[in-house]
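Enquirer: Okay, predicted coordinates and the sequence, questions at the end:
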Amino acid sequence: MLKVDELDVFYGDAQALDDVSIEIPKGAIVAIVGANGAGKTSLIRTIGGMVKPARGRISFHGNDIAGMPSYKVCDLGIGQVAEGRQIFPNLSVSENLDMGAMLPRARATRAKNRDRVLEMFPRLNERLQQAAGTLSGGEQQMLAIGRCLMGEPELVMFDEPSLGLSPALVQDVLASIRDLNRDGLTCVLVEQNVAVSLKLASRAYVLENGRVTLSGTGDELLADDRVRQAYLGM
């Protein structure tokens, strides 16, 4: 579904991504793991059109989208649940969901997608008129995921979805990602909980200093001594 070839990204003179190549098969959960500053968010933002690459190709369904504006990338069917949730705090829960359905591709299915989101996250249904900024951290993450789903995406990139959540809520959020994938959604997961993300993923990549240093199935990387020592404390 998505293929990244030989991607280079710079912020000024600092190189954030160096010759990065990854593949995201249709229907998969693909994990991107690595330490802080490894380039994970830069990769997500570049695929999403928020950062323009210096070199490389990003193919979605065979079409090159590298450097395409983010609103066009979204309307092609690539959604993003950003690190830190990035909801509209002064708007109500209902209004936040409506914002997710503003894409041309999603307008005809707005009511169906809204019902789907509220069925998945019943707590949002109880708080539709509440200001989004007054929700708990877990509820805000549910809203961020729900708003993304309102855009009718084929692929969703989750950037640190469990950040700042209690262990119980982490399990709820990751379970919702697994359920969405079982329903056919292709997922890219950037997650600080390396063990959990690799268990969920059918394929995974390790980023270090902006380069892909390891790749394989989630199980293969879980069993790799380098991954176990660097990220799992084993």
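Expert: That came through, no problem.

Enquirer: Only C-alpha atoms from now on, for both contacts and neighbour counts.
Expert: OK.

Enquirer: Going by neighbour count, which residues of the top helix by length along the chain are buried?
Expert: In the chain, taking DSSP state H as the definition, the longest helix is helix 167-182. Buried residues in helix 167-182, counted by 16 or more other C-alpha atoms under 10 Å: 169, 170, 173, 174, 176, 177, 178, 180, 181.

Enquirer: Would you mind listing the residues in contact with the fifth one?
Expert: Same thing as residue 176. By C-alpha atoms under 8 Å, 6 or more residues apart in numbering, the contact set of residue 176 is residue 120.

Enquirer: and if you look at the third one?
Expert: Applying C-alpha under 8 Å, 6+ apart, we find residue 173 in contact with 141, 142, 161, 162.

Enquirer: which ones among those residues are found in helices?
Expert: Short answer: the contacts of residue 173 in helices (DSSP H) are 141, 142.

Enquirer: Quick check: which helices or strands does the host helix or strand of residue 95 pack against?
Expert: Using DSSP states H and E, residue 95 sits in helix 93-100. Applying 3 or more C-alpha pairs under 8 Å, 6 or more residues apart in numbering; DSSP states H and E, one finds that helix 93-100 contacts helix 137-149.

Enquirer: How about residues contacting the helix it packs on?
Expert: Helix 137-149 is contacted by residues 79-82, 85-87, 93, 96-101, 113, 117, 121, 123-124, 132-133, 156, 161, 164-165, 169, 173 when judged by C-alpha under 8 Å, 6+ apart.

Enquirer: 6 Å instead?
Expert: Helix 137-149 has contacts (C-alpha atoms under 6 Å, 6 or more residues apart in numbering) with 79, 81, 85, 97, 100, 117.

Enquirer: just stretch 93-109 next, same as before
Expert: Stretch 93-109 is contacted by residues 75, 110, 128, 132, 147, 148, 150, 151, 152 when judged by C-alpha under 6 Å, 6+ apart.

Enquirer: per-residue pLDDT, the first one?
Expert: Think residue 75. Per-residue confidence (pLDDT) for residue 75: 95.

Enquirer: mind checking the SS state of it?
Expert: Secondary structure assignment for residue 75 (DSSP: H, G, I helix; E, B strand; the rest coil): helix.

Enquirer: ok, now which ones touch it?
Expert: Residues near residue 75 by C-alpha under 6 Å, 6+ apart: 103, 105.

Enquirer: where does this protein dip in pLDDT?
Expert: Within the chain, the stretches with pLDDT under 70 are 234.

Enquirer: what's the farthest-apart pair in the contacts of helix 137-149?
Expert: Greatest spatial distance in the contacts of helix 137-149: 85 and 117, 16.2 Å, computed using C-alpha to C-alpha.
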